[in-house]
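K.L.:
Structural data only, the sequence is not supplied:
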């Protein structure tokens, strides 16, 4: 059994330009594959940017062809990849904030944001979450930003057996101290590692703080990115000990 290798993609995005953002995502996926990553997680709504007023126009169905290049590469690299996109639903009035899970075997499933921030209900419907994932014998739970603001969400993940709690987020400088302290606290309380993938640049009128991070089961910071910008945070577990690196990603127009 190879050592688990996970990564958070801290990326800058172009507002509403899914085609360009797919291109940028592929750059991250290729770099992650070079480093043996088995799970790569992007921030909240990474393929559109955080653009609530555009959500109804940008929303896609689960079978969208826009995902084809990413699904193809995830399968070729045998690397489960989690990307953010508004999801069109036949049973919800408004789109869902979704994490599309591109599995290493070529299949696709979805995890949807359960808890909305104040104001998001104008543009989105709350979702139903999703099941635990199993990557290299590590059971893990996904959360999408406001989900982790509810302590019961992390507690339920731990009770279900998660050993890693993964948060796709958009956090600015003002919110970073409290939000990072909360995630660190979940690691300490529930004895599960925590990984956070933040945006790397401005989106939806927000200035992202970057500083994507990974905490081990004792709440110790294993690695963070240095701030905003395009970075790939890679962590691995060897002999029961997490270690990490933060890599710069060159984004060209």
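P.N.:
Cool, got the structure. Worth saying up front: this structure is predicted, and the values here are computed from it rather than measured.
K.L.:
And the helices in the chain?
P.N.:
Using DSSP state H, the helices found in the chain span residues 18-34, 55-58, 68-77, 151-159, 176-190.
K.L.:
Mind listing what's buried along the last one?
P.N.:
To tie it back to what came earlier, the one meant is helix 176-190. Neighbour-count burial for helix 176-190 flags 176, 179, 180, 183, 184, 186, 187, 190 (criterion: 16 or more other CB atoms under 10 Å). Quick note: C-beta positions are derived from backbone N, CA and C, even for glycine.
K.L.:
which among the residues you listed gets closest to residue 161?
P.N.:
Among those, residue 190 lies closest to residue 161 (CB to CB), at 10.9 Å.
K.L.:
surely the closest one meets residue 152?
P.N.:
No: in this structure, residue 190 is not within contact of residue 152 by CB atoms under 8 Å, at 11.8 Å.
K.L.:
So what's the residue count around the closest residue to residue 98 other than its chain neighbours?
P.N.:
Nearest non-adjacent residue to residue 98, counting by CB to CB, 6 or more residues apart in numbering: residue 87, 3.7 Å away. By the measure other CB atoms under 10 Å, the count of residues near residue 87 is 25.
K.L.:
Now for residue 87: which residues touch it?
P.N.:
59, 60, 61, 62, 95, 96, 97, 98, 100, 110, 112, 127 (CB atoms under 8 Å, 6 or more residues apart in numbering).
K.L.:
Could you say which of the residues you listed is surrounded by the most neighbours?
P.N.:
residue 97 (32 neighbours).
K.L.:
Tell me how far that residue lies from residue 170.
P.N.:
11 Å (CB to CB, to the nearest Å).
K.L.:
Next: residue 89.
P.N.:
For residue 89, the distance to residue 170 equals 22 Å [CB to CB].
K.L.:
Which one of the two is surrounded by more residues?
P.N.:
For residue 89 versus residue 170, the count of surrounding residues by other CB under 10 Å is larger for residue 170: 22 against 18.
K.L.:
for the more buried one, what are its contacts?
P.N.:
Residue 170 touches 43, 44, 45, 50, 145, 198, 199, 203, 204, 206, 208, counting by CB under 8 Å, 6+ apart.
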